[in-house]
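**Q** I need the structure of the sequence given here:
(chains A, B and C)
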Amino acid sequence: MKAIIDCNSFYCSCERVFKPHLDQHPVVVLSNNDGCIISRSDEAKKLGVEMAGPYFKAKPMIEKHNVATFSSNYNLYGDLSWRVMETLRMLLGEENVEVYSVDEAFLDLDGYEGSDFYEVAMNIRLTVEQWTGIKVSVGVAPTKVLSKLANNLAKKNKQATQCVVVLDTEEKISKALQTTPVNDIWGIGGQYAEKLLQLHAVFTAYDLSKKSEEWAHKNLGGVTGIRLLKELKAEPTIEMKEKLDKKKMIATTRMFGHNVNNINDIKEAVATYTSKAAEKLRRQQSAANVISVFIVAKEQSHQAAFHRGESKSASITLPLATSVTNELIKPALQLVDRLYQHGQFYKKAGVMLSGLVPDETIQANLFVEEKQNNKRLLMSMVDNINFAMRNDIIKYAAAGTTRDWKMRMEFRSPRYTTRWNELREVQ
DNA sequence: TCTGGGGTCCTAGGACCC
DNA sequence: TCTGGGGTCCTAGGACCC
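**A** Numbering: from 1, shown residues only, chains lettered A, B, ... in the order given. Have a look, this model is predicted:
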């Protein structure tokens, strides 16, 4: 059996850990740049605040109901996420925990065959809550897709389920499938849901589970569709991931605080993003063969609906894979020159590193000069300092110091757990 | 007039996830 | 005025090779 643990309204819960007076109070957390709403407490959901909706639209209602509002504070969330995952690893053993995202983890419960899975799951739930202050929901089932489905049911009905749902018999599974709309299945997004409803009269997970593999192959994206179908039929096809596999692509992208038309501002931003991406690269001991940059133009006004601005991208394949920041910044800035159009206003830029290989391959390369190793040493020192300070105290000159383009973060809470001078004070 | 067949690698783009 | 920021996997089709 497999389980998925999912933190309830994770970012909101993180804020509440340090502000217990907000426990019954509606809370929302905003995306970078205070653009959209990316986490809502149950109370905020009840008020009708929409997920991923633009903040400025929800603002009147938020103010009217005195909803506590926070800019995202990733230092805090990252740290609390680590505590939750560490708790799971202690309870179940490292090898049985697959961290799936900042607020979710799959658990392998094969070692508990014969036990009462409800009891096991409840114990996990209560321990995480007691040790970290974060409330979680647990779904248990024979496959990952079904455990996600169980988790959904747990969250939809917190009172009755106590945030734990176990699907361990055919009857329970069948009933769960019948009560789940097809768009709530993990792996069915907007496009497929629309198609299933309109063209195939498939309304529930149950309807879908009755289809054939040939049908799934034809209508649900080939092998992906077959896997999904099997998982719904309680046949495991998506296994637990081996631990700690390295990323195959690394990206750093941001909106600007306001629209920018000066190429130097854009270059400053792109240089900063490149340093960040290179840090991530070195943290997993990889080097990149390909760097790409994209910039997004400001959308045209006087359009009725919201339209994303045009995005232009270009990439350069490097002569040798590298993880050295300034060797990445140089081509990145060349790409900006290539993409930038004079007079155009831009609102966003990003850097992506791909073609990732282990760092050793470079060191083994005979054509790399000796001094490359010195650079590598310097890089790791830079990383250590940045990691300790948890931010970019050491910067490259190209990244600039004025940061005219930087994000808005009006409502960020203190970084309680990662900055000494922002520690919570207790009387 | 008539223009192989098959394999591999790479890239762009589409779908999904949180 | 104001709409995150990351990731994954898969497929189709072109380039290239023999």
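**Q** and A:Gln341, how many neighbours?
**A** By the criterion of other Cβ atoms under 10 Å, A:Gln341 has 11 neighbours. Every C-beta, even on glycine, is put in place using the N, C-alpha and C of the backbone.
**Q** for the stretch 1-150 of chain A, which segments are assigned as helices?
**A** With DSSP state H, counting those that start in this stretch, the ranges of helices along the stretch 1-150 of chain A come out as A:10-17, A:42-46, A:55-64, A:74-92, A:117-132, A:144-156.
**Q** C-alpha coordinates for the longest one, PDB please?
**A** Once non-C-alpha atoms are left out, helix A:74-92 reads as follows in PDB (Å, rounded to 0.1, in the frame of the first residue of the first chain):
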ATOM      1  CA  TYR A  74      10.000  30.900   1.100                       C
ATOM      2  CA  ASN A  75      12.700  30.800   3.700                       C
ATOM      3  CA  LEU A  76      10.100  30.000   6.300                       C
ATOM      4  CA  TYR A  77       8.200  27.500   4.200                       C
ATOM      5  CA  GLY A  78      11.300  25.700   3.100                       C
ATOM      6  CA  ASP A  79      12.400  25.300   6.700                       C
ATOM      7  CA  LEU A  80       9.000  24.000   8.000                       C
ATOM      8  CA  SER A  81       8.800  21.700   5.000                       C
ATOM      9  CA  TRP A  82      12.100  20.200   5.900                       C
ATOM     10  CA  ARG A  83      10.900  19.600   9.500                       C
ATOM     11  CA  VAL A  84       7.800  17.800   8.200                       C
ATOM     12  CA  MET A  85       9.800  15.600   5.900                       C
ATOM     13  CA  GLU A  86      12.300  14.900   8.600                       C
ATOM     14  CA  THR A  87       9.500  13.800  10.900                       C
ATOM     15  CA  LEU A  88       8.200  11.400   8.200                       C
ATOM     16  CA  ARG A  89      11.700  10.000   7.600                       C
ATOM     17  CA  MET A  90      12.100   9.300  11.400                       C
ATOM     18  CA  LEU A  91       8.800   7.600  11.600                       C
ATOM     19  CA  LEU A  92       9.000   5.400   8.500                       C
END
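**Q** re the thing from before, so which of the helices of the stretch 1-150 of chain A is nearest A:Gly187?
**A** Smallest distance to A:Gly187 across the helices of the stretch 1-150 of chain A (Cβ to Cβ): 6.6 Å, for helix A:144-156.
**Q** please name every helix or strand in contact with the closest one.
**A** On a contact count with 3 or more Cβ pairs under 8 Å, 6 or more residues apart in numbering; DSSP states H and E, helix A:144-156 meets strand A:2-7, strand A:136-141, strand A:164-166, helix A:170-178, helix A:223-232.
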